[in-house]
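**Q** Output the structure for:
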Amino acid sequence: MPSLLDDHTTKYLWQQVQNVDSYENAAQSFWHHIYTKSVFVDKQYIVDYEVPPIPEEQGKRKVDQVVKEVNSNWGVAFVLIFHEIKRNEIPIAELEYVENQAFNACESYCHKYNIKQVYAQTSVGSRARFFKWTPGTWSPVDGQALGLFTAYMEFGDPAGETYILRWLQYFKDQGVTTPQITWEWDPTRQKHFYRTPANFMYQDGTMVKR
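**A** Next up is the predicted model:
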């Protein structure tokens, strides 16, 4: 299988990340390119940058990248992945901090919107690790302990690239988690339904715009 690094632009951006004195923006540019040119290229995806996890945290904190997917039934975009990015070389305390940043973003978002699951990526340069947030749990998908440099997979290694792209594809296949629904009874139609901001969704699959 061809590597994405066979592309001259992708390879150039990856090389910029490897420079000893590279800054965080080099890593951000690399992941921006991977996300928007190779992974989340379909029209239903939105890749935001430097945005708060919830509107109430505007001006207080920002997430480096947020991948959202528009759900047609709900008529809104839900978060698929929160992505926090650091430069290529950081101390262990900063690694623990960036993983905690991702956790806090997931928790704020899920608590506000009554979401039961969301994914996260934390990156150190071109190395990446993935997590899943569910109520009461924050789990690296690799099953190892938090704050481990050795758990981060390098995109520049063939095995690492395959691993990273496989997990991103898995998240795409799973899709976004929508809020928990409350079923109601429609006495006129004699059917159960739930409400979304855009539609009334009936149990038999009927959709009625609000």
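
**Q** Check the protein for its longest strand and report it.
**A** strand 76-86 (DSSP state E).

**Q** what is the mean pLDDT for whichever strand or helix holds Asp173?
**A** For Asp173, the enclosing helix or strand under DSSP states H and E is helix 158-174. Here helix 158-174 scores 98 as its mean pLDDT.

**Q** got the buried residues for that helix?
**A** Gly160, Glu161, Tyr163, Ile164, Leu165, Trp167, Leu168, Phe171, Lys172 (16 or more other C-beta atoms under 10 Å). Just so you know, the C-beta spots here come from the backbone N, C-alpha and C atoms, and that holds for glycine as well.

**Q** and the closest residue to Arg127 other than its chain neighbours, what does it touch?
**A** Nearest residue to Arg127, sequence neighbours excluded (C-beta to C-beta, 6 or more residues apart in numbering): Tyr152, at 3.8 Å. Contacts of Tyr152 were listed using C-beta atoms under 8 Å, 6 or more residues apart in numbering, and they are Ser123, Val124, Arg127, Ala128, Arg129.

**Q** Scan the residues you listed and report the most crowded one.
**A** When the contacts of Tyr152 are compared by neighbour count (other C-beta atoms under 10 Å), Ser123 ends up highest, at 29 neighbours.

**Q** tell me the contacts of the residue lying closest to it once chain neighbours are set aside?
**A** Once flanking residues are discounted, Ser123 sits nearest to Ile85: 4.7 Å by C-beta to C-beta, 6+ apart. By C-beta under 8 Å, 6+ apart, the contact set of Ile85 is Glu24, Ala27, Gln28, Trp31, Asp64, Gln65, Val98, Thr122, Ser123.

**Q** List the buried residues of the longest helix along the chain.
**A** Looking across the chain with DSSP state H, the single longest helix is helix 92-113. Using 16+ other C-beta under 10 Å as the test for burial, helix 92-113 gives 95, 98-99, 101-106, 108-110, 113.

**Q** what about Thr122, distance to Leu80?
**A** Thr122 sits 15 Å away from Leu80, going by C-beta to C-beta, to the nearest Å.

**Q** swap in Lys132?
**A** For Lys132, the distance to Leu80 - C-beta to C-beta - is 12 Å.

**Q** With neighbour numbers in mind, choose between these two.
**A** More neighbours surround Leu80 than the other of Lys132 and Leu80, with 22 against 16 (other C-beta under 10 Å).

**Q** Thanks again, I'm all set now.
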